[in-house]
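Colleague: Need coordinates for the following:
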Amino acid sequence: MAVTSTTKPRTSSRKKVDNSNRKKGAGIKNPREDDILRGRGGYTNHHPGNIKFRNAARALREEYRRAETGRNQKYLISVQLVRNVKAYGGKFLEKGKDNLWYEMDENAARKKASQVLREEKWD
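Modeller: A predicted model of the protein is given here:
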């Protein structure tokens, strides 16, 4: 004997939330040489902006990795790295489904900076 439900399916009255890491704005077709591209693989690894970014991270990495450096200090170091990039005109970009590049929000850029500061691959 099959059991059928007489209750209606739930519908949400909440609006969908944009969970992307993007700032609002127009897409960029061709990133500049100072821009940092989010992603994996050769294209992003060899992009001049990503290379410059990793070099800037190397200058801060020793302090970031020091045992006595606390969580708050590490946060501030990653914020400083993002500021350094923006000071020379770089933007943190991620590729959209439309194949255009969009600027990441401040928090996503800081997380990218923290990740690069932790990496050992580029030492």
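
Colleague: Lowest-scoring secondary structure element of the chain by mean pLDDT?
Modeller: Among the helical and strand segments of the chain, the one scoring lowest on mean pLDDT, DSSP states H and E is helix 42-45, with a mean of 87.

Colleague: what sits up against that one?
Modeller: 37-38, 50 (CB atoms under 8 Å, 6 or more residues apart in numbering). (C-beta placed from N, C-alpha, C; glycine too.)

Colleague: ok, 10 Å please
Modeller: 31, 36-39, 50-51, 54, 93, 95, 121-122 (CB atoms under 10 Å, 6 or more residues apart in numbering).

Colleague: Quick check: buried residues in that helix?
Modeller: T44 (16 or more other CB atoms under 10 Å).

Colleague: and what of stretch 53-73?
Modeller: 53-54, 56-57, 60-61, 64.

Colleague: Mind checking which of these are in helices?
Modeller: In this view, the buried residues of stretch 53-73 that belong to helices under DSSP state H are 53-54, 56-57, 60-61, 64.

Colleague: helices or strands up against the helix or strand encompassing L76?
Modeller: Following DSSP states H and E, the helix or strand that holds L76 is helix 71-87. Helices and strands touching helix 71-87, by 3 or more CB pairs under 10 Å, 6 or more residues apart in numbering; DSSP states H and E, are helix 48-65, strand 92-95, helix 106-118.

Colleague: roughly how far out does the longest one sit from the chain middle?
Modeller: Helix 48-65 has its C-alpha centroid displaced from the chain centroid by 15 Å (CA atoms, centre = their mean, to the nearest Å).
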